[in-house]
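Student: let's see this in three dimensions:
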Amino acid sequence: MSKPIKHVLVCTQSRPEGHPRGSCAEKGSMDVLQEFKTQFEQRQLWGRYAVSSSGCLGTCGTGPSVLVYPEGVMYGGVKKEDVTAIIEEHLLGDKPVERLKVPAEVWG
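Tutor: Alright, predicted model coming up:
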């Protein structure tokens, strides 16, 4: 396997219902992860780019959270419908999706 250009991490952390921090899983992160995988397959992006599920990324209040490396750009409140923009603008276009970035005070 060659080193990917960018790596997308999708938080799929699950906590018990009613937990004060909530969780990305209860906010729909599995749908987001599946949409990334579907589009990676359709667009033949595997190999050049990678996508993985992850545990807690620390930005629970703004989830579902998606982190893109090597830039270290954290997105919050990501919905399945936002995946195309992240792929088109950030992965392929090298320009982070500003409307989805978490505030600087959340992720410096």
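Student: if we ignore the residues flanking it in sequence, what's nearest the spatially most central residue of the chain?
Tutor: By Cα atoms, centre = their mean, the mean C-alpha position of the chain lies nearest to Val66, the distance being 2.2 Å. In space, not counting the residues next to it along the chain, Val66 is nearest to Tyr75; the distance is 4.4 Å by Cβ to Cβ, 6 or more residues apart in numbering. Glycine gets a C-beta too; all of them are placed from N, C-alpha and C.
Student: pLDDT at the one you found, what is it?
Tutor: With respect to pLDDT, Tyr75 scores 97.
Student: so it is in contact with Val102, correct?
Tutor: Yes: using Cβ atoms under 8 Å, Tyr75 is in contact with Val102, at 6.8 Å.
Student: more neighbours: those two, which one.
Tutor: Per other Cβ atoms under 10 Å, whichever of Tyr75 and Val102 has more neighbours is Tyr75, with 27 against 21.
Student: which ones are touching the more buried one?
Tutor: Contact analysis of Tyr75 by Cβ atoms under 8 Å, 6 or more residues apart in numbering lists 65-68, 82, 86, 97, 100-102.
Student: hang on, the earlier thing: how close does the residue nearest to Val66 get to Gly18?
Tutor: Tyr75 sits 26 Å away from Gly18, going by Cβ to Cβ, to the nearest Å.
Student: helix/strand/coil for the residue of the chain positioned farthest from its centre?
Tutor: In terms of distance from the mean C-alpha position of the chain, Gly18 ranks first, at 23.4 Å (Cα atoms, centre = their mean). Under DSSP: H, G, I helix; E, B strand; the rest coil, Gly18 falls in the coil class.
Student: for it, report the pLDDT, please.
Tutor: 75.
Student: next: Glu81.
Tutor: Reported pLDDT for Glu81: 98.
Student: hang on, it in a strand?
Tutor: No: secondary structure assignment (three-state DSSP) places Glu81 in helix, not in a strand.
Student: how many neighbours does it have?
Tutor: 10.
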